[in-house]
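any chance you could fold what I've pasted below:
(2 chains)
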Amino acid sequence: MTHVTPDWAAEWAAGSGEPLRFLEPDGGLVRPDLPRPPDDLVREALRLMLLSRALDEKCTNLHRQGRLGLYAPVHGQEAAVVGSHLAIDPAVDWLVPASREQPAMLRHGWALDRMLASFLGRIDAARIPDHVRMLPRQQSIAAQLPHAVGIAWATSIRGLDGVTLAYCGDGATSEGDFHEACNLAGVMGVPLVLVVINNQYAISTPVSRQTRATRLADRARGYGFPGVAVDGDDLFAVYEVARQAVERARAGQGPTMIEAVTYRMSFHNTSDNPSLYRDPSEVAEAGQRDPVARLVAYATGAGVIRPDAIEVVEAEVRAEVEAALDQALSYPAPGPEEIFRHVFAD
Amino acid sequence: MSAQKDVTLLEAVRVALSDAMEDSDRVVLLGQDVGRRGGVFRATEGLSARFPGRVLDTPLAEGAIVGSSIGLAIGGLVPVAEIQFLGFLHQAFHQVTQQLARYRFRTRGRFHLPVTIRAPYGGGLRMPEFHPDSLESQLANVPGLKVVTPAFADDAYSLLRAAIRDPDPVLFLEPQRLYRSVRGRVPSDGATDGDFGARMRRHGDDLLLVSWGPSVHTCLAAADELEERHAVRSAVLDLRWLSPLDHARLHQEAAVRRRVAVVHEGVRSAGLGAEVVASLQESLCDTISLPILRVTAPDTPYPPGRLEDAFLPSQENIVEAALHVMDRP
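Alright, predicted model coming up:
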């Protein structure tokens, strides 16, 4: 059967407003004719998602032991982050992260030991390598978005290849920088894919207190470019809409906004106590939509990976985290002279 | 000596932009109304026709102008952004002070930002609210930013060229009341030199007047009056670079005269004059007793245009302060 890819943004806009979903929470396909990533990409995604979980677990434990500063886990958002990043090519495309897109940063070329070095305050070891087209994590919500637009704009002015993939959260959509960046991106028609990870909370503030709009993706229309809401726990749907958005950007057709509707399964960061503001039943319900379990169910059911191989991969990624941690701890801690370096050119 | 042409300060800005764009196709201009309109003061007039696709009109959004300049620089360009009036820079203050100023430091040198932000400022033109404010002290307080302001046409050219060449962000503040009232010579072959440090604008052995931007000219007029009517010979030091300050030159010139007044259009408290006083005191406190006064705008919001003559430091204010420090033992 020949499959003609629909315009997913148009498809979503014409629908009920519910996020697009290809993969059911039990790992079954919504419809057999929906596009699926190739099997090797599914295996790559699964490994990255499991690595992300292992990293979350390790860093959270290290924080509790007083060995690592604040850590913001990806837990629950793995499909949204990995699925979108799989659509770009780190050799030519730019990554502009918000702050908790660890698996995207790893896939983009920031080695795991270097990322861990950043969490451990080894600032020189954590430096983003010259060949990695990636901005650092941004602590000021939405401030990275005008930077992303500028990078994408420079790419088109210079006539270079390359799409800019930027992330922000639901809270960021209330910031002025979000509006100014989206507006400029629309006016200039820059090759930008903006993924809004709607994990339902900005620390304790639910998305209903950020906006009266039903869907964040609706905002794209106001900026004159396509927006699409997608089930952020569904790797296939995220990947497919991101792939199409990247294709549009590469073809000079301008920016796309993707709202990945997901859930922050864990705390905002290791200083946070979500039990003060979240009902445990809500968290349990979100757990039923877990993106890792969903992909495992699909991959094992469809024969993409053998069921007994999952544990093997889990053990491998844990070992990878341990080895990277040893490496990160071996890098020198910065001395006070570092305060005076890199303020200006020497 | 290279050939020179006679221009206003405003034209010197335009020539500097044009020469920088001629020298490197990485240089792009962006801002509100900079393209076909040529800027509200006409600083970029003719450049969009001369450099197609490199003079970029933006939406009315200062945060996006500065924020996207950061990305343009990371993407390999050398952006020169215009903020229509410095008083509107606060709309972009986060992007300027917390983002633009910190990228090199934050990324341990992985990214540096050769971004120039031009903004007209300063009083005397009976402008509406926000248009005339002198906010340089708020910018000179930010590590990672350089701040420079010319008072003469030749400086407008060479300092703007230096700002655009600088690998780090520079705020280039243009004194709007001098745009058409000050003339000077700029090189016709693009050659510049002596772009750093303070400059002595008038010689005199009795007293040092320290200033920058528009009030350099008020100081020069006051110095003439002091000499003619009071036989006080004043030197006028034009700081030019407000960050980093030329501390060495400042200390040297103050030490030989031992009487100082610092003059600025920004408000008094926590103004840059306080930094000049502190720098001198810290440097000279072991050796010299140094009478020093500030002549500044008062600690009030910038008033409506009809009242600005009473707000800005006047020639009379400077003369009065100078005679006061001359009176000290």
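
going by C-alpha atoms from here, please, whenever you check contacts or count neighbours.
Noted.

residue contacts, residue A:24?
By C-alpha atoms under 8 Å, 6 or more residues apart in numbering or on different chains, the contact set of residue A:24 is A:30, A:234, A:294.

quick check on it: phi, psi?
When quoted as degrees, to the nearest 10, the phi and psi of residue A:24 stand at phi -70, psi 160.

what's the pLDDT at it?
Per-residue confidence (pLDDT) for residue A:24: 97.

what's the spacing between it and residue A:288?
Per C-alpha to C-alpha, to the nearest Å, residue A:24 is found 11 Å from residue A:288.

distance to chain B added to the contacts of residue A:24, as a markdown table?
Conversion of the contacts of residue A:24 to a markdown table gives the following (distance: C-alpha to the nearest C-alpha, whole Å):
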| residue | distance to chain B |
| --- | --- |
| A:30 | 40 |
| A:234 | 31 |
| A:294 | 37 |
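
can you flag the buried ones in those?
Applying a neighbour-count criterion of 16 or more other C-alpha atoms under 10 Å in any protein chain shown, the buried members of those are A:234, A:294.

what's the spacing between residue B:209 and chain A?
Residue B:209 is 30 Å from chain A, where distance means C-alpha to the nearest C-alpha, to the nearest Å.

touching the longest strand along chain B from outside, list them.
Assignment by DSSP state E gives strand B:260-267 as the longest strand of chain B. Taking C-alpha under 8 Å, 6+ apart as the criterion, the residues outside strand B:260-267 that touch it are B:122-123, B:133-137, B:207-212, B:215, B:219, B:254, B:272-273, B:276-277, B:290-300, B:312-313, B:318, B:321-322, B:325.

please save the CA atoms from that strand in CSV.
Extracted as CSV, the C-alpha positions of strand B:260-267 are listed here (Å, rounded to 0.1, in the frame of the first residue of the first chain):
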residue,chain,number,x,y,z
VAL,B,260,38.4,67.3,39.9
ALA,B,261,34.8,67.7,38.9
VAL,B,262,32.9,64.9,37.1
VAL,B,263,29.9,65.8,34.9
HIS,B,264,27.2,63.6,33.5
GLU,B,265,23.6,63.8,32.3
GLY,B,266,22.5,60.6,34.1
VAL,B,267,20.9,60.9,37.5
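
that strand: what's the following helix or strand?
The helix or strand immediately downstream of strand B:260-267 is helix B:272-284, counting by DSSP states H and E.

any low-confidence regions in chain A?
With pLDDT under 70 as the threshold, chain A has low-confidence stretches at A:1-4.

okay, now the closest residue to residue A:206 other than its chain neighbours: neighbour count?
For residue A:206, the nearest residue in space outside its immediate sequence neighbours is residue A:200; the separation is 5.6 Å by C-alpha to C-alpha, 6 or more residues apart in numbering or on different chains. Here the neighbour count serves as a burial measure; for residue A:200 (other C-alpha atoms under 10 Å in any protein chain shown) it reads 19.

residues touching residue A:200, list them.
So, once contact is read as C-alpha under 8 Å, 6+ apart, residue A:200 ends up touching A:170, A:206, A:207, A:261, A:262, A:263, A:264.

tabulate the residues you listed (TSV), appending neighbour count and secondary structure.
Formatted as TSV, the entries for the contacts of residue A:200 read as follows, by neighbours: other C-alpha atoms under 10 Å in any protein chain shown; DSSP: H, G, I helix; E, B strand; the rest coil:
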residue	neighbour count	secondary structure
A:170	24	coil
A:206	16	strand
A:207	21	helix
A:261	26	strand
A:262	24	coil
A:263	24	coil
A:264	21	coil
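
next, format those as a markdown table and append distance to residue B:201.
Shown next, in a markdown table, are those (distance: C-alpha to C-alpha, whole Å):
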| residue | distance to residue B:201 |
| --- | --- |
| A:170 | 55 |
| A:206 | 60 |
| A:207 | 60 |
| A:261 | 63 |
| A:262 | 64 |
| A:263 | 64 |
| A:264 | 63 |
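
closest to chain B out of the residues you listed?
Distance ranking of these against chain B, using C-alpha to the nearest C-alpha, places residue A:170 first at 19.7 Å.

give the bridge partners for the residue lying closest to the closest one once chain neighbours are set aside, please.
Among residues not flanking residue A:170 along the chain, residue A:198 sits closest, at 4.7 Å (C-alpha to C-alpha, 6+ apart). Bridge pairing for residue A:198 (DSSP bridges) gives the partners residue A:261.

ok, residue A:198 to residue A:168 distance?
The value you get for residue A:198 to residue A:168, if C-alpha to C-alpha is used, is 9 Å.

with neighbour numbers in mind, choose between the two.
Neighbours were tallied for residue A:198 and for residue A:168 using other C-alpha under 10 Å; the higher tally belongs to residue A:198 (29 against 26).

tell me the contacts of that one?
Applying C-alpha under 8 Å, 6+ apart, we find residue A:198 in contact with A:169, A:170, A:207, A:259, A:260, A:261, A:262, A:263.

ok, it to residue A:141 distance?
For residue A:198, the distance to residue A:141 (C-alpha to C-alpha) stands at 14 Å.

gap between stretch A:263-279 and the chain center?
Remark: stretch A:263-279 is offset 19 Å from the chain centroid, using C-alpha atoms, centre = their mean, to the nearest Å.

could you export that stretch as CSV, CA atoms only?
Listed in CSV are the C-alpha atoms of stretch A:263-279, where the atom choice follows Å, rounded to 0.1, in the frame of the first residue of the first chain:
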residue,chain,number,x,y,z
TYR,A,263,3.6,14.8,32.0
ARG,A,264,6.4,15.6,34.3
MET,A,265,6.4,12.3,36.2
SER,A,266,9.0,13.5,38.7
PHE,A,267,9.8,16.7,40.5
HIS,A,268,10.6,20.1,38.9
ASN,A,269,14.1,19.6,40.2
THR,A,270,15.7,17.9,43.2
SER,A,271,14.7,20.9,45.5
ASP,A,272,11.0,20.5,44.7
ASN,A,273,8.2,18.6,46.6
PRO,A,274,5.4,17.9,44.1
SER,A,275,3.2,16.3,46.8
LEU,A,276,2.4,19.8,48.0
TYR,A,277,0.5,20.6,44.8
ARG,A,278,-0.2,17.4,42.9
ASP,A,279,-2.8,14.7,43.6
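
contacting residues around it?
With C-alpha under 8 Å, 6+ apart as the contact definition, stretch A:263-279 has outside contacts at A:60, A:63, A:70-77, A:198-204, A:283, A:286-287.

can you tell me which of these end up in helices?
With helices taken from DSSP state H, the overlap with the contacts of stretch A:263-279 comprises A:60, A:63, A:283, A:286, A:287.

of the residues you listed, grab the buried ones for PyMOL.
One line in PyMOL is enough to select the buried members of the ones in helices among the contacts of stretch A:263-279, burial here meaning 16+ other C-alpha under 10 Å:
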select buried, chain A and resi 60+63+283+286+287
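
nearest to chain B among the ones in helices among the contacts of stretch A:263-279?
Taking C-alpha to the nearest C-alpha as the measure, chain B sits nearest to residue A:63 out of these, at 22.5 Å.

I'd assumed residue A:72 was in contact with that closest one.
No: look at residue A:63 against residue A:72 with C-alpha atoms under 8 Å: they stay out of range, at 10.6 Å.

please report how far residue B:45 lies from chain A.
Per C-alpha to the nearest C-alpha, residue B:45 is found 21 Å from chain A.

check contacts around residue 5.
Picking chain A for this. Residues in contact with residue A:5 (C-alpha under 8 Å, 6+ apart) are residue A:35.

I was after chain B.
With C-alpha under 8 Å, 6+ apart as the criterion, the residues that contact residue B:5 are B:185, B:186, B:187, B:188.

what is the mean pLDDT for the host helix or strand of it?
Secondary-structure assignment from DSSP H and E places residue B:5 in strand B:4-8. For strand B:4-8, the mean pLDDT works out to 91.

how about stretch B:170-177?
Computed over stretch B:170-177, the mean pLDDT rounds to 98.

lovely, talk soon.
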